[in-house]
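In: Below are the sequence and a predicted model for it; my questions follow.
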Amino acid sequence: MTNYNLKPLTHSSLAALQAKAARQRQLAAVRKQRAQRAKARHQKQQQAYHQHDEYREYQDQLREEAKLE
């Protein structure tokens, strides 16, 4: 009976380890860039929302309700 769930024991070469490390660094850089773009996109959407007239009216309404209480 063969244990297919066990991986064969092979030693990775130095070149393979370096290539793996390079891919990991590249993936980390890509993730960082994507996070920065998403953050910038979110900030742009928030800025547009805060400049919208309905949002300003809503804020004015909240201030007036706070003054009444």
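Out: In hand now; what should we look at? Numbers count the residues shown, from 1 in each chain.

In: all contacts plus neighbour counts: C-alpha atoms, from now on.
Out: Fine.

In: Tell me the confidence at residue 44?
Out: pLDDT, residue 44: 90.

In: From residue 29, how far out is the residue nearest the centre of the chain?
Out: Nearest to the mean C-alpha position of the chain, counting by Cα atoms, centre = their mean, stands residue 35 at 4.0 Å. Counting by Cα to Cα, to the nearest Å, the gap from residue 35 to residue 29 is 10 Å.

In: ok, which stretches of this structure are helices?
Out: Along the chain, counting by DSSP state H, helices occupy 14-50, 53-68.

In: by how many degrees do the last one and helix 14-50 diverge?
Out: Here helix 53-68 runs at 70 degrees with respect to helix 14-50, directions being taken by axes from the mean of the first three to the mean of the last three Cα atoms, to 10 degrees.

In: any idea of the mean pLDDT for helix 53-68?
Out: 85.

In: hmm, who's touching that helix?
Out: Applying Cα atoms under 8 Å, 6 or more residues apart in numbering, the contact partners of helix 53-68 are 49-50.

In: Can you give me the buried ones in stretch 25-34?
Out: For stretch 25-34, burial by neighbour count (16 or more other Cα atoms under 10 Å) applies to no residue.

In: Put together JSON lines for the helices of the chain, with distance to residue 3 on each row.
Out: Shown next, in JSON lines, are the helices of the chain (distance: least, Cα to Cα, whole Å):
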{"stretch": "helix 14-50", "distance to residue 3": "26"}
{"stretch": "helix 53-68", "distance to residue 3": "63"}
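
In: how close does residue 18 get to residue 24?
Out: Between residue 18 and residue 24 the distance is 10 Å, computed by Cα to Cα.

In: mind checking how far stretch 44-53 is from the chain centre?
Out: 21 Å (Cα atoms, centre = their mean, to the nearest Å).

In: try stretch 57-68
Out: Counting by Cα atoms, centre = their mean, stretch 57-68 comes out at 34 Å from the chain centroid.

In: With just CA atoms, put that stretch into CSV.
Out: C-alpha atoms of stretch 57-68 as CSV (Å, rounded to 0.1, in the frame of the first residue of the first chain):
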residue,chain,number,x,y,z
GLU,A,57,-27.5,68.4,4.2
TYR,A,58,-27.4,65.3,6.3
GLN,A,59,-24.6,66.7,8.4
ASP,A,60,-26.5,70.0,8.9
GLN,A,61,-29.6,68.1,9.9
LEU,A,62,-27.6,66.1,12.5
ARG,A,63,-26.1,69.4,13.9
GLU,A,64,-29.6,70.9,14.3
GLU,A,65,-30.9,67.8,16.0
ALA,A,66,-27.9,67.9,18.4
LYS,A,67,-28.7,71.5,19.2
LEU,A,68,-32.3,70.6,20.0
